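[1] predicted model and sequence below, questions to follow.
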Amino acid sequence: MDSVQSDFISLIQTKGIELSDKQLEQLDIYFQELVSWNEKMNLTGITERDQVYVKHFYDSLTLAFYKGMDTVDRMIDVGSGAGFPGIPLKIAFPHLKLTIVDSLNKRISFLQHVVNTIDLKDVQLIHGRAEDIARLPEHRDSYDLATARAVARLAVLNEFCLPFVKPGGVFAAMKGNDPNEEIKEAAYSMKELKGSLVESHNFNLPVENSERHIIVIKKIAATPKKYPRKAGTPLKTPLI
């Protein structure tokens, strides 16, 4: 084990997360594959080992600081890109039944390779637009937890993510900048999509101290039939 891994272990242990040798090995292989594939396609601008462990792995796991993963069975990660936060959370909490939706097939191919290489079970990878997938009965109103990390403004994310969440479940939006304006702007979409703001957590990443926010929204009723609107519409004309 190198200093990057031992620092990472210390950081997550203070938050009550313990990883086995196998889980640490899975993260390490994930890192290696990320850097290797990144030479062929644009997955991330962050490739330094210490940076990946803090800005991608630790950052992904911060969701578990505010949402008890033992209460989550089905989780969906919308617009996951290179697999964040879904894959690190699945590695740390193997019981999760994880679905990842991404609109770029190349990224889905990378994620399928990672899932196969580190032998993750109960992971479904879907190439498609969130607006289309959320209309399928097997995905609509059916997840305990939906999440999206730095994908779009909250008014748009509500329409991307809340249709996946079952009543009583949670959508957690992971943000960098202060989201207060976004939360105000998203009030109408939250109401329309049957979401209710529970809390907004703010904290700083360790080492490099950048700001992070996690907005927790509870789903209070089933998604109205007219949502989500057709693919592309939420981004062009958000519900505000």
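    Thanks, I have it.
[2] for the helix ranked longest in the chain, name the packing helices and strands.
    Selection of the longest helix in the chain by residue count, based on DSSP state H, yields helix 21-38. With contacts defined as 3 or more C-beta pairs under 8 Å, 6 or more residues apart in numbering; DSSP states H and E, the packing partners of helix 21-38 are helix 3-13, helix 86-92, helix 105-117. (C-beta placed from N, C-alpha, C; glycine too.)
[3] list the buried residues of the last one.
    Using 16 or more other C-beta atoms under 10 Å as the burial criterion, the residues of helix 105-117 that qualify are 107-108, 110-111, 114-115.
[4] about what we covered before: nearest to residue 202, out of the helices and strands packed on helix 21-38?
    Nearest to residue 202 among the helices and strands packed on helix 21-38 is helix 3-13 (17.8 Å), distances taken as C-beta to C-beta.
[5] which parts of this protein are strands?
    Here the chain has its strands, by DSSP state E, at 74-78, 97-102, 123-127, 143-149, 165-175, 195-204, 211-219.
[6] any chance of these in a markdown table with mean pLDDT as columns?
    Converted to a markdown table, the strands of the chain look like this (pLDDT from 0 to 100):
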| stretch | mean pLDDT |
| --- | --- |
| strand 74-78 | 98 |
| strand 97-102 | 98 |
| strand 123-127 | 98 |
| strand 143-149 | 97 |
| strand 165-175 | 98 |
| strand 195-204 | 96 |
| strand 211-219 | 97 |
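[7] could those strands be laid out in a markdown table, adding distance to residue 11 and mean neighbour count?
    A markdown table is the format used below for the strands of the chain (distance: least, C-beta to C-beta, whole Å; neighbours: other C-beta atoms under 10 Å):
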| stretch | distance to residue 11 | mean neighbour count |
| --- | --- | --- |
| strand 74-78 | 22 | 26 |
| strand 97-102 | 23 | 24 |
| strand 123-127 | 25 | 17 |
| strand 143-149 | 18 | 25 |
| strand 165-175 | 17 | 21 |
| strand 195-204 | 12 | 14 |
| strand 211-219 | 14 | 20 |
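[8] between those strands, which one is nearest to residue 84?
    Set against residue 84 and scored by C-beta to C-beta, these come closest in strand 143-149, at 5.6 Å.
[9] what separates that closest one from the chain centre, distance-wise?
    Averaging C-alpha positions (C-alpha atoms, centre = their mean, to the nearest Å) puts strand 143-149 6 Å from its chain's average.
[10] partners of it, with directions?
    Using DSSP bridges, strand 143-149 pairs in its sheet with strand 74-78 (parallel), strand 165-175 (parallel).
[11] gap between residue 11 and residue 143?
    Counting by C-beta to C-beta, to the nearest Å, the gap from residue 11 to residue 143 is 28 Å.
[12] for residue 160, same thing?
    As judged by C-beta to C-beta, residue 160 and residue 143 stand 13 Å apart.
[13] so can I have TSV of the helices and strands packed on helix 21-38 showing distance to residue 60?
    Output for these, formatted as TSV (distance: least, C-beta to C-beta, whole Å):
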stretch	distance to residue 60
helix 3-13	11
helix 86-92	4
helix 105-117	13
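[14] per-residue pLDDT of residue 84, please?
    With respect to pLDDT, residue 84 scores 97.
[15] what's the burial count for the nearest residue to it once chain neighbours are set aside?
    Closest residue in space to residue 84, ignoring its immediate chain neighbours: residue 60 at 4.9 Å, by C-beta to C-beta, 6 or more residues apart in numbering. Per other C-beta atoms under 10 Å, the neighbour tally for residue 60 reads 23.
[16] for the buried residues of helix 105-117, which one is nearest residue 139?
    Among the buried residues of helix 105-117, residue 108 lies closest to residue 139 (C-beta to C-beta), at 15.7 Å.
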